[in-house]
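Colleague: Below are the sequence and a predicted model; questions follow.
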Amino acid sequence: MAALGIETVLRCVFILTVLKWSDIQAIETYYMENYCDGSLNLDLLKVDAIKLKLTSSYYYPPKMDCMMTIKTFYKKKLMLFFEKFDVEPGSFFSSSCKDWLKVHETDDYLSQGVTNCNQLCGYQQNNQVYESKSSSLTLYFHSDGSLQYEGFTLILTPFHYVDGFCYYDEFECHNSKCIGKSNTCNGYNPCGDYSDCPLGGGAIAGIVIATLCGFAAVIVAVIYCRRKRMNAIKPQNETIPVQTIASNSGVKENNIEAQANTPGITTHVN
């Protein structure tokens with residue numbers, strides 16, 4: 001029973017720790033295919049960051065043309081971080097992208113493209129963070145009728161540069177950017193210089209493991225002390241031995257007298 005109790009408590013502690021850790025990194029996911037020819041305002045959503053996937057399917061469809069605008073508070077800008085990017089590249093004979101993603105400044109598709117984001121294709125997975133120059137971006141994705149790939153997963157983070165100070169619900173990065181506090185240590189480099197999390201993922205995992213071990217040690221110690229205390233309590237009942245001497249005619253009178261003086265024993269004299 002004690003072992004079962006320890007296992008149950010440790011399981012509960014582990015689940016709570018995992019839920020807390022998941023809550024720290026949780027970013028709500030949106031799908032670009034649901035906002036084609038539309039817009040998404042992060043300021044109205046009151047979120048510090050979003051995860052944008054091209055589609056909810058494993059592969060994006062052929063002949064897809066989708067354009068959407070992403071906005072934030074007019075005094076803020078947007079940072080882009082590609083968690084995953086897998087879009088059909090050009091052929092062996094041509095470097096031109098068959099499928100591509102374009103990211104433009106403001107809500108005008110004809111405006112200037114974000115630096116290094118004018119036309120993206122192929123397989124890319126790096127730690128580069130892209131920045132907008134305004135409070136809105138326009139994304140345009142195109143696919144031809146040939147092969148389909150997985151698409152992309154994009155992390156969008158509103159930010160502004162320090163103007164004297166960051167607000168109470170913001171975190172100040174080392175590069176003078178202000179981001180929402182909930183973005184810190186989310187694993188997506190929201191500052192752009194990795195200053196959002198003094199402790200790396202390995203260090204945080206170590207703290208979680210140490211916490212679990214600490215809980216386990218406390219529980220084992222409590223159960224050990226409880227068992228030791230219970231073993232120290234001895235039974236209080238005592239038994240008074242009575243010696244009887246039998247004869248052919250019955251029990252002698254001196255033995256009957258001894259029994260009569262012993263509580264809890266009933267004697268019968270023949």
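Modeller: It's in.
Colleague: contacts and neighbour counts: CA atoms only from here.
Modeller: OK.
Colleague: all strands of the stretch 51-200 of the chain, in order?
Modeller: 65-71, 77-87, 100-105, 122-123, 129-131, 136-142, 151-161, 170-172, 177-180 (DSSP state E, counting those that start in this stretch).
Colleague: what pairs with the last one, and is each one parallel or antiparallel?
Modeller: Paired neighbours of strand 177-180 in the sheet (DSSP bridges): strand 151-161 (antiparallel), strand 170-172 (antiparallel).
Colleague: As JSON lines, the strands of the stretch 51-200 of the chain with distance to Tyr35, mean neighbour count and mean pLDDT would be great.
Modeller: Shown next, in JSON lines, are the strands of the stretch 51-200 of the chain (distance: least, C-alpha to C-alpha, whole Å; neighbours: other C-alpha atoms under 10 Å; pLDDT from 0 to 100):
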{"stretch": "strand 65-71", "distance to Tyr35": "6", "mean neighbour count": "20", "mean pLDDT": "96"}
{"stretch": "strand 77-87", "distance to Tyr35": "18", "mean neighbour count": "21", "mean pLDDT": "94"}
{"stretch": "strand 100-105", "distance to Tyr35": "15", "mean neighbour count": "22", "mean pLDDT": "92"}
{"stretch": "strand 122-123", "distance to Tyr35": "23", "mean neighbour count": "16", "mean pLDDT": "89"}
{"stretch": "strand 129-131", "distance to Tyr35": "22", "mean neighbour count": "18", "mean pLDDT": "89"}
{"stretch": "strand 136-142", "distance to Tyr35": "11", "mean neighbour count": "22", "mean pLDDT": "95"}
{"stretch": "strand 151-161", "distance to Tyr35": "15", "mean neighbour count": "22", "mean pLDDT": "96"}
{"stretch": "strand 170-172", "distance to Tyr35": "28", "mean neighbour count": "20", "mean pLDDT": "96"}
{"stretch": "strand 177-180", "distance to Tyr35": "24", "mean neighbour count": "23", "mean pLDDT": "96"}
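Colleague: which one of those strands lies closest to Leu54?
Modeller: strand 151-161 (5.8 Å; C-alpha to C-alpha).
Colleague: contacts for that closest one?
Modeller: Identification of contacts with strand 151-161 by C-alpha atoms under 8 Å, 6 or more residues apart in numbering yields 42, 48-55, 59-60, 72, 75-87, 176-180, 188, 190.
Colleague: at 6 Å what do you get?
Modeller: 49-54, 76-87, 176-179 (C-alpha atoms under 6 Å, 6 or more residues apart in numbering).
Colleague: Low-confidence ranges, the stretch 151-270 of the chain, go.
Modeller: Low-confidence segments of the stretch 151-270 of the chain (pLDDT under 70): 199-216, 233-270.
Colleague: So which residues of it form helices?
Modeller: Ranges of helices within the stretch 151-270 of the chain are 201-232, 253-260, based on DSSP state H, counting those that start in this stretch.
Colleague: repeat for the stretch 1-150 of the chain
Modeller: 2-25, 42-45.
Colleague: count of residues packed around Met32?
Modeller: 24 (other C-alpha atoms under 10 Å).
Colleague: contacting residues around the nearest residue to Gln128 once chain neighbours are set aside?
Modeller: Nearest residue to Gln128, sequence neighbours excluded (C-alpha to C-alpha, 6 or more residues apart in numbering): Phe81, at 6.8 Å. Going by C-alpha under 6 Å, 6+ apart, Phe81 touches Val129, Leu154, Ile155.
Colleague: Need the residues you listed in JSON lines (columns: distance to Cys121).
Modeller: Below are the contacts of Phe81 laid out as JSON lines (distance: C-alpha to C-alpha, whole Å):
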{"residue": "Val129", "distance to Cys121": "17"}
{"residue": "Leu154", "distance to Cys121": "14"}
{"residue": "Ile155", "distance to Cys121": "17"}
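Colleague: Pick the one among these closest to Phe141.
Modeller: Leu154 (12.9 Å).
Colleague: does the closest one have beta-bridge partners, and which?
Modeller: Leu52, Phe82.
Colleague: Please report how far it lies from Phe81.
Modeller: From Leu154 over to Phe81 the distance is 6 Å, taken as C-alpha to C-alpha, to the nearest Å.
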